[in-house]
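Undergrad: whatever this is, show me its structure:
(one chain, ligands or ions: 1)
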Amino acid sequence: MIESLLSYRVGDLRITRISEMSLQGGSPQELFNQNFDAEQFAAYRDKSTEHDLQADGEHLIQSIHSWLVQSPEYTLLIDAGSGNEKERPNAPIFHHLNTDFLTRLASLGVSPESIDYVLLTHLHVDHVGWNTQRVDGKWLPTFPNATYLFSAIEARYYASSASHNEVNRTSLGVYEDSIFPLIEAGVAKLIGKEGGEVLNGVRFIPTPGHSIDHMSISIESGGDVAFFAGDLMHHPLQVYNTEWNTRYCEFPAQASASRRWGLEYAADSGALWFSTHFAGTSVGRVYREDEQFSWQYR
Ligand SMILES: [Zn+2]
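TA: Alright, predicted model coming up:
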């Protein structure tokens, strides 16, 4: 059974979340590791909603999903979830998945063939999986007519076993089954470090830190801006504790600086924030009072 999908209008765009997984009961101590602070967490509890914490007030609720963006000119996906049937020996929650992600897409009348572009904020395990699917034992592009846009630096970085470490170990094998097949098929378009406009109104914005060349994506239409933040944050509690990095942030100092930049940008511009890992609608606005930020779901 597929729940009705909530769409947002931004200018001429229609933006819809395509859910892959709901993550229930994560431990904040584990996710935020050495950044976790019990007092700050207790202070956040008052600001949280029922979408963010389980009823016990101790455990997190999160989501993994893609964003479908439909404009009069194109249909695109931002980020590509974890994918089905992938071998993920270091990440049990992503190992041999069998979700109905493509059925959800089809329920909107969107076939894999109708996706024109797939834009990736970064190349971690939970953002690239649906790039490919297994056909007769071979990993082939899931969206056969799409051009896939992603960072050249990230492609080079994750291709090298010298870059594998304790922090990015959950993404082991990802390059081989979800990135290289795109390059081999000639459907990858690599983005330079400076980012920039890739389609009319669609812009990659460098926000490095969570990963080596992480990029956020903004889409402007009719004077309004949708801001796809990628993994600048994994949970709304980081709006209130901007220094908190997760254990998956590869370059912590840069990750905090980029998070702060993103929050300032969204608060000052009024851009609508489309998150990758918040639960609820995963969409909201950021407000700023002096140096303190706050979050409201939309
Ligand atoms: Zn992620």
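
Undergrad: what sits against the residue in the stretch 51-200 of the chain that the ion sits nearest to?
TA: Nearest residue of the stretch 51-200 of the chain to the ion: residue 126, at 4.4 Å (Cβ to the ion). Quick note: C-beta positions are derived from backbone N, CA and C, even for glycine. By Cβ atoms under 8 Å, 6 or more residues apart in numbering, the residues touching residue 126 are 64, 81, 82, 94.

Undergrad: flag every buried residue along the longest helix seen in the chain.
TA: When the chain is parsed with DSSP state H, its longest helix is helix 252-269. Using 16 or more other Cβ atoms under 10 Å as the test for burial, helix 252-269 gives 252, 254, 255, 256, 258, 259, 261, 262, 263, 265, 266, 267.

Undergrad: stretch 111-123 vs the ion: in contact?
TA: No. Judged by Cβ under 5 Å from the ion, stretch 111-123 makes no contact with the ion; its nearest approach is 7.8 Å.

Undergrad: only C-alpha atoms, please: export that stretch in CSV.
TA: Extracted as CSV, the C-alpha positions of stretch 111-123 are listed here (Å, rounded to 0.1, in the frame of the first residue of the first chain):
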residue,chain,number,x,y,z
SER,A,111,8.6,5.6,-15.3
PRO,A,112,12.4,5.1,-15.1
GLU,A,113,12.6,6.1,-18.8
SER,A,114,11.1,9.5,-18.1
ILE,A,115,13.8,10.7,-15.8
ASP,A,116,16.0,13.1,-17.7
TYR,A,117,18.7,13.8,-15.0
VAL,A,118,19.9,12.4,-11.7
LEU,A,119,21.8,14.9,-9.5
LEU,A,120,23.9,13.6,-6.7
THR,A,121,24.9,15.7,-3.7
HIS,A,122,27.7,13.2,-2.8
LEU,A,123,28.6,9.6,-3.3
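
Undergrad: what are the boundaries of the helices in the stretch 1-150 of the chain?
TA: For the stretch 1-150 of the chain, helices defined by DSSP state H, counting those that start in this stretch occupy the ranges 28-32, 38-45, 101-106, 125-128.

Undergrad: who in the protein is up against the ion?
TA: 126, 231.

Undergrad: who's in contact with residue 233?
TA: Per Cβ under 8 Å, 6+ apart, neighbours of residue 233: 239, 259, 262, 275, 277, 278.

Undergrad: next, it: phi, psi?
TA: phi -140, psi 150 (degrees, to the nearest 10).

Undergrad: quick one: it and residue 289, what's the gap?
TA: 18 Å (Cβ to Cβ, to the nearest Å).

Undergrad: picking that back up, need the helices of the stretch 1-150 of the chain in CSV (columns: mean pLDDT).
TA: Compiled in CSV, those are given as follows (pLDDT from 0 to 100):
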stretch, mean pLDDT
helix 28-32, 97
helix 38-45, 97
helix 101-106, 97
helix 125-128, 98
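
Undergrad: between those, which gets nearest to residue 17?
TA: helix 101-106 (9.3 Å; Cβ to Cβ).

Undergrad: ok, and what's touching the closest one?
TA: 2, 5, 18-20, 66, 68, 81, 84, 111-112, 130, 142.

Undergrad: just put those in JSON lines and tack on neighbour count.
TA: Below are the contacts of helix 101-106 laid out as JSON lines (neighbours: other Cβ atoms under 10 Å):
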{"residue": "2", "neighbour count": "11"}
{"residue": "5", "neighbour count": "14"}
{"residue": "18", "neighbour count": "22"}
{"residue": "19", "neighbour count": "18"}
{"residue": "20", "neighbour count": "23"}
{"residue": "66", "neighbour count": "24"}
{"residue": "68", "neighbour count": "21"}
{"residue": "81", "neighbour count": "25"}
{"residue": "84", "neighbour count": "19"}
{"residue": "111", "neighbour count": "14"}
{"residue": "112", "neighbour count": "16"}
{"residue": "130", "neighbour count": "28"}
{"residue": "142", "neighbour count": "24"}
